[in-house]
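Student: here is a sequence with its predicted model. Questions after.
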Amino acid sequence: MMNSVRTHGVRNRARLGFLIAAAFLMVATSLNAKERVPSSGSAITFEVKGLVRDAHSKQPIAAAQIQAQNNRSSATTDQDGRFSIKVLSTDEVLMVTAFDYSLREVPVRAKDALVIDLYPDVFSTYYTTQELVSGKKRNSTTVPAIKTVNDFTLSQAVSADEFVQSELGGHIRSISRSGFAGMGSSMFIRGYNSLLANAQPLYVVDGVIIDNCYEVESIYEGHFQNPLLNIDIKDIESITVMKDGTSIYGSKGSNGVILIKTSRGKDQVTKINLHIMAGSISTPNTTPVMNADDYRIYLSDMLRSAGYTSKQLRTMPFLEQDPNATAYAKYHNQTDWNNEVYEQGRTQCYMVNVNGGDDKALYYFSVGYTKNDGLVKTTDLSRINTRFNSDIKLTNEVELGVNIAYTNLEKTLLDDGANFYTSPTYLSQIKAPFLSPHTFTDYGIETVTNADADEFGIGNPAGLIEKSLNYTRQHYFNLSFKPTWSINKDLTLTSQFNYNLFKYEENLFSPYLGVATRFLEGYGYSQNAIRNQINRNNSLTTDTRLEYTKRFNNVHQVDAIAGWRYTNRSFESDYVEVHNTGSDNNTFVKKDYDFMQNRGINDETGSISNYGSVDYNYSNRYFLSAAMAIDGSSRFGN
């Protein structure tokens, strides 16, 4: 049923946001219109001389690059490691780099002579560039708790959350949901802060909030939608973790924010890169279980403790010791059920990307294919993805950014977790090892036919894997335009328009053979089942912001943002379920099957946010950051 979108309060907040942005624009323009007269000290250059050397050997380093952080002054060391550079402030910071050495930032602090020691690049460096909402900034001048990584050259991750788990474990607590590739992780930046509400961080890709669809439950046990699976890890330029995103993204960012920036064209030289990766995944180390003889003794002791007499125990077929008995072959096997469920996994990834351009436009284009054969037999994942990012210079003041991405995903799945009926991984841990996955003739000869559920009411994992027909298809499309107007050297106006389409279909067939009969409360007994679910999620987002950057007298640095964001989301879900098709050959939904259930969701919501932030830097010594956000949503009404 369509929910009406209440927009009265949203419109009022929109007017407020526009008024704030307009006032900010007038004030900033006024400040720039008035020519500032520099102080007497700001026009005087200060010469700094120094020596750059190896921290261990104390030998001079030639050809080291020295760059002033706040102006365009630069210098290069001679063969004796010495340099001379002129800066505009005694509080300047010098960035020193050299081949095979880590970057170092050195404050001048009114010293006219410096000795700078560099460490080899095998050591990790503290000095990095952080990717913020407002753009790139040195971490030495960043106030919020932020961490950025931008090296993905050796990553074998299928999705970004796998990389986050391995490389950012000190900043995010990640728990893998499953061993299935691309299933994703439950990530907690500020801890598990709610028993009922979603505690996952907010995903923002190229400035656009990604809907994680957590309110829709999958028809597969233990399966979750992972929006990061739609992005190839080799298309990512940087991943930034913001531990506090409420000030910019409002209530949506209360659990922290993960900013993902995809690759773009860098220079006019055309470059073609080919990435090929193939590997294998070893079977998991499972919980040790008893062998057939030990389990037979254990089971008889349990039955005796339950009150069974010795006479009753002798009638149990699994305790039959006569090799000529009909049931002897069925109950005297040595089956490791883990071998019937798990196999060695394989993964392969192929990616071709091209980037280049000219003085009018830069572009990045990629096509990738990923194939993964899972650790559980018959499970697999196949992904085809393509991406096109471009930055077009329309005029000297106006640029247009274009992002287009499409991903097609197909997965074959099985129920996971502690599902007594249809999870083969769970059944493999509780299935009696003296049983076989196959049936036997009256002469004790094993056949190739899979056995049904046993008299203990436990299904056959091998039969379940062979007869189940479970698959899912996903389509993801993203289109984004971002015009940028440089009003002057200090003031920039951007407005991003984005459209997202996410459609996925889930199909599940639980077979008759190999699965124990279950009782459904309110319906009856179910021998097999068919479930189907189709979800469609469309979102339209616009994000307009005014950015102001100014440095006064080479001492004061101000970076300010005022923005307005609006999102409209429509979600539709259709679900149908039937039972007792009569045969494992009947795998399509029909009206004459038992216990038919169908339901759906048709929902439309809108949200608006006015936000702003100001960062102040005094003399590269003192830093102040302030931010705020005002949210409105149709979910809460007026």
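Tutor: It's in.

Student: wait, residue 506 sits on residue 469?
Tutor: No - with contact defined as CB atoms under 8 Å, residue 506 does not count as touching residue 469 (12.0 Å). Any C-beta I mention is one placed from the backbone N, CA and C, and that applies to glycine too.

Student: who has more neighbours out of these two?
Tutor: residue 506 (22 against 14; other CB atoms under 10 Å).

Student: Provide the partner residues of that one in its beta bridges.
Tutor: Applying DSSP bridges to residue 506 gives these bridge partners: residue 472, residue 533.

Student: contacting residues around it?
Tutor: Neighbouring residues of residue 506 by CB atoms under 8 Å, 6 or more residues apart in numbering: 218-220, 472, 531-534.

Student: widest-spaced pair of those residues?
Tutor: Across those, no pair lies farther apart than 220 and 534, at 14.4 Å, counting by CB to CB.

Student: between those two, who's got more neighbours?
Tutor: Ranked by neighbour count (other CB under 10 Å), residue 220 and residue 534 place residue 220 first, with 23 against 16.

Student: residue 468 is in contact with the more buried one, correct?
Tutor: No - with contact defined as CB under 8 Å, residue 220 does not count as touching residue 468 (10.6 Å).

Student: any residues in contact with both of these two?
Tutor: Common contacts of residue 220 and residue 468, defined by CB under 8 Å, 6+ apart, comprise 414, 508.

Student: show me what contacts the residue lying closest to residue 520 once chain neighbours are set aside?
Tutor: Take residue 520 and drop its neighbours on the chain: the residue closest to it by CB to CB, 6 or more residues apart in numbering is residue 526, 5.4 Å away. Residues near residue 526 by CB under 8 Å, 6+ apart: 517-520, 579-580, 594-595.

Student: mind checking how far residue 526 is from residue 431?
Tutor: 21 Å (CB to CB, to the nearest Å).

Student: cool, residue 391 as well?
Tutor: For residue 391, the distance to residue 431 (CB to CB) stands at 58 Å.

Student: which of the two has more neighbours?
Tutor: Between residue 391 and residue 431, counted using other CB under 10 Å, residue 431 has the larger neighbour count: 25 against 18.

Student: helix or strand: which one has residue 549?
Tutor: strand 529-552 (DSSP states H and E).

Student: before we move on, what about residue 628?
Tutor: Using DSSP H and E, residue 628 falls within strand 622-633.

Student: what helices or strands is that strand leaning on?
Tutor: Under the contact definition 3 or more CB pairs under 8 Å, 6 or more residues apart in numbering; DSSP states H and E, strand 622-633 sits against helix 8-33, helix 246-249, strand 594-618.

Student: can you list the strands that the next helix or strand after the shortest one pairs with?
Tutor: Read that as helix 246-249. Proceeding N to C from helix 246-249, the next assigned helix or strand is strand 257-262, under DSSP H and E. Note on strand 257-262: by DSSP bridges, its sheet partners are strand 202-205 (parallel), strand 236-242 (antiparallel).

Student: how about TSV for those strands, with mean neighbour count, mean pLDDT and distance to residue 132 added?
Tutor: TSV is the format used below for those (neighbours: other CB atoms under 10 Å; pLDDT from 0 to 100; distance: least, CB to CB, whole Å):
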stretch	mean neighbour count	mean pLDDT	distance to residue 132
strand 202-205	22	91	11
strand 236-242	21	88	7
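
Student: can you tell me which of those strands is nearest to residue 295?
Tutor: strand 202-205 (46.4 Å).

Student: need the contact partners of whichever helix or strand comes after that closest one.
Tutor: Using DSSP H and E, the helix or strand that follows strand 202-205 towards the C-terminus is strand 208-210. With contact meaning CB under 8 Å, 6+ apart, strand 208-210 is reached by 202-204, 227, 249, 252, 478, 480, 496, 498, 500, 541, 543, 567.

Student: next, the angle from the very next helix or strand once past the strand holding residue 549 to strand 594-618.
Tutor: With elements assigned by DSSP H and E, the helix or strand that comes after strand 529-552 is strand 556-579. Angle, strand 556-579 to strand 594-618, by axes from the mean of the first three to the mean of the last three CA atoms, to 10 degrees: 170 degrees.

Student: pull strand 556-579 out as PDB, backbone CA atoms only.
Tutor: Extracted C-alpha coordinates of strand 556-579, given in PDB (Å, rounded to 0.1, in the frame of the first residue of the first chain):
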ATOM      1  CA  HIS A 556      44.500  32.100   9.300                       C
ATOM      2  CA  GLN A 557      42.900  29.300   7.100                       C
ATOM      3  CA  VAL A 558      39.100  29.000   6.800                       C
ATOM      4  CA  ASP A 559      37.200  26.200   5.000                       C
ATOM      5  CA  ALA A 560      33.500  26.400   5.100                       C
ATOM      6  CA  ILE A 561      30.600  24.400   3.600                       C
ATOM      7  CA  ALA A 562      26.900  25.100   3.500                       C
ATOM      8  CA  GLY A 563      24.700  22.500   1.800                       C
ATOM      9  CA  TRP A 564      21.200  21.200   1.100                       C
ATOM     10  CA  ARG A 565      20.400  17.600   0.300                       C
ATOM     11  CA  TYR A 566      17.100  16.000  -0.800                       C
ATOM     12  CA  THR A 567      16.400  12.300  -1.400                       C
ATOM     13  CA  ASN A 568      13.300  10.600  -2.800                       C
ATOM     14  CA  ARG A 569      13.100   6.800  -2.500                       C
ATOM     15  CA  SER A 570      10.500   4.400  -3.800                       C
ATOM     16  CA  PHE A 571      10.600   0.700  -2.800                       C
ATOM     17  CA  GLU A 572       8.500  -2.100  -4.000                       C
ATOM     18  CA  SER A 573       8.600  -5.800  -2.900                       C
ATOM     19  CA  ASP A 574       6.600  -8.800  -4.000                       C
ATOM     20  CA  TYR A 575       6.700 -12.200  -2.200                       C
ATOM     21  CA  VAL A 576       5.000 -15.500  -2.900                       C
ATOM     22  CA  GLU A 577       5.400 -18.900  -1.100                       C
ATOM     23  CA  VAL A 578       3.800 -22.400  -1.700                       C
ATOM     24  CA  HIS A 579       4.300 -25.900  -0.200                       C
END
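
Student: tell me the mean pLDDT for that strand?
Tutor: In this model, strand 556-579 carries a mean pLDDT of 92.

Student: give the partner strands of that strand in its sheet and their orientations.
Tutor: Applying DSSP bridges, you get strand 529-552 (antiparallel), strand 594-618 (antiparallel) as the partners of strand 556-579.

Student: so which of these is the most packed in?
Tutor: Looking across the strands paired with strand 556-579 with neighbours counted as mean count of other CB atoms under 10 Å, the highest average goes to strand 529-552: a mean of 19.

Student: state the mean pLDDT of that one.
Tutor: 93.

Student: with stretch 336-350 instead?
Tutor: 92.

Student: which residues sit against it?
Tutor: Residues from elsewhere that reach stretch 336-350 (CB under 8 Å, 6+ apart): 156, 158, 181, 232, 234, 275-284, 286, 368-377, 424-425, 427-429, 431, 433, 437, 461-462, 465.

Student: what of stretch 261-273?
Tutor: By CB under 8 Å, 6+ apart, stretch 261-273 touches 131, 205-206, 231, 235-240, 351-359, 361-364, 366, 387, 389-391, 403, 405.

Student: can you list the strands paired with strand 556-579 in CSV and add distance to residue 62?
Tutor: Listed next are these as CSV, based on distance: least, CB to CB, whole Å:
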stretch, distance to residue 62
strand 529-552, 32
strand 594-618, 33
